[in-house]
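*Asks:* Sequence first, predicted model second:
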Amino acid sequence: MDLQQVFRRPILAVADNPVVERTIRRSGGGLVSRFVAGETLDLALVQVRRLAESDLTATLDQLGENVRTAAEATTAVDSYTTILSELAAAGLEPNISVKLTMLGLDFGDEVAHANMLPVLRRAAEVKGFVRIDMEGSAYTEQTIAITERLHAEYPGVVGTVIQSYLRRSEADVERLTRKNIRIRLVKGAYAEPASVAFQGREAVDNAYRMLLVRMLGRAPYPAIGTHDPALIELTKERATTLGLSPDSYEFQLLYGVRRDEQVNLRQAGHNVRIYVPYGTEWYPYFTRRIAERPANALFVLRSLVDR
């Protein structure tokens, strides 16, 4: 039985309950700090510096999505440009991840595109990089199309994410690779219907393997976003077979997950980047993390009972 599939939808459904959200928010930092680097940029920078001490790079993500007003989207633009500047000023690589719904995508593609331009302009100024995160499947085509436009305007400064569980992802990988756009490959963390996404761990893993093999050696500097030991080993084996330099791809791992593996991979000579989320709007991200693995959900339940 696929426990991940059995638990994911119920966990996400329960997490949407306002009482559950209030309970978890009141539970304090102990629950959340495993997956989130703090609620402020200063706290997040402390964690990025600590990662740098272990020779690990980071992509910093100010959490938030689906803003309600144009003013909130403008605030997000200012926040993202500030993050890039602060990372550069601290001598850290200016690398961030953003969500287009936080930049006004719900108000139209043109709004999100226009709001991305000053972010990419700042990234270019500080020699940084901006990864556009992929959200639910309703936003996939918009996200890819906007990324393509932005890449044409700021080549090499922007990339996006492909979720292996979406049935359309094989075509999307080919589309982005042809245009030399950098891809982070992940499995996917949203609850999607069978008509849109593969269901069950085996099907999702098989799709990931197929896309991984296609990307290595072809896609520009692919980011392998997985904690799955089998997929990490497949990446190493495929790279060796193709004679790829370790500098031609990188592993991307989540903040707070498999910290030992993060350090071990780096010590073995692989490029390793940690996805470091922070901010006050941590709840949606947090619930997706606990829904990914039954062990995460049990960790939360034990913490709540202890309290």
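*Replies:* Structure received.
*Asks:* Please count neighbours and contacts with C-alpha atoms only from this point.
*Replies:* Fine.
*Asks:* How about residues contacting stretch 91-102?
*Replies:* Contacts to stretch 91-102, defined as Cα atoms under 8 Å, 6 or more residues apart in numbering, come from residues 48-49, 52, 57-62, 64-67, 72-73, 76, 80, 83-85, 87-88, 112, 123, 126-135, 143.
*Asks:* of those, buried ones?
*Replies:* Buried by 16 or more other Cα atoms under 10 Å: 48-49, 57-62, 64-67, 73, 76, 80, 83-85, 87-88, 112, 123, 126, 128-135, 143, out of the contacts of stretch 91-102.
*Asks:* From these, which land in helices?
*Replies:* Under the assignment DSSP state H, those contribute 48-49, 73, 76, 80, 83-85, 87-88, 112, 123, 143 to helices.
*Asks:* how does this protein divide into domains?
*Replies:* 1-36+282-307, 43-278 (automatic domain parsing).
*Asks:* okay, the ones you listed, which one's buried deepest?
*Replies:* domain 43-278 (a mean of 18; mean count of other Cα atoms under 10 Å).
*Asks:* May I see the domains of the chain organised as JSON lines, with mean pLDDT added?
*Replies:* Formatted as JSON lines, the domains of the chain follow (pLDDT from 0 to 100):
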{"stretch": "domain 1-36+282-307", "mean pLDDT": "57"}
{"stretch": "domain 43-278", "mean pLDDT": "96"}
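*Asks:* Name the nearest of the ones in helices among the buried ones among the contacts of stretch 91-102 relative to Tyr208.
*Replies:* Relative to Tyr208, the closest of those is Thr143; by Cα to Cα it sits at 20.0 Å.
*Asks:* neighbouring contacts of the strand or helix carrying Ala203?
*Replies:* Here Ala203, judged by DSSP states H and E, is contained in helix 201-215. Helix 201-215 has contacts (Cα under 8 Å, 6+ apart) with 2, 4-5, 164-165, 170, 173, 177, 185-187, 198, 222, 224, 231, 234-235, 238.
*Asks:* so what does the helix or strand following that helix touch, helix or strand wise?
*Replies:* For helix 201-215, the succeeding helix or strand toward the C-terminus, using DSSP H and E, is strand 223-225. Secondary-structure packing of strand 223-225 (3 or more Cα pairs under 8 Å, 6 or more residues apart in numbering; DSSP states H and E): strand 183-186, strand 250-254.
*Asks:* Between helix 201-215 and the host helix or strand of Leu176, find me the angle.
*Replies:* Taking DSSP H and E as the definition, Leu176 sits inside helix 169-178. Angle of helix 169-178 versus helix 201-215, following axes from the mean of the first three to the mean of the last three Cα atoms, to 10 degrees, is 20 degrees.
*Asks:* Does anything pack onto helix 169-178? Which helices or strands?
*Replies:* strand 158-163, helix 201-215.
*Asks:* For that helix, C-alpha coordinates in PDB please.
*Replies:* Provided in PDB are the C-alpha atoms of helix 169-178 (Å, rounded to 0.1, in the frame of the first residue of the first chain):
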ATOM      1  CA  SER A 169       5.900  17.400 -17.700                       C
ATOM      2  CA  GLU A 170       7.700  15.400 -20.400                       C
ATOM      3  CA  ALA A 171       6.700  17.900 -23.000                       C
ATOM      4  CA  ASP A 172       7.500  20.800 -20.700                       C
ATOM      5  CA  VAL A 173      11.000  19.600 -20.100                       C
ATOM      6  CA  GLU A 174      11.600  19.300 -23.800                       C
ATOM      7  CA  ARG A 175      10.100  22.800 -24.300                       C
ATOM      8  CA  LEU A 176      12.300  24.500 -21.700                       C
ATOM      9  CA  THR A 177      15.500  22.600 -22.700                       C
ATOM     10  CA  ARG A 178      15.200  23.700 -26.300                       C
END
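*Asks:* which residues are in contact with that helix?
*Replies:* With contact meaning Cα under 8 Å, 6+ apart, helix 169-178 is reached by Glu148, Ile162, Gln163, Arg182, Ile183, Leu211, Met215, Arg218, Ala219, Pro220.
*Asks:* Could you rerun that using 6 Å?
*Replies:* Helix 169-178 is touched from outside by Ala219, with contacts defined as Cα atoms under 6 Å, 6 or more residues apart in numbering.
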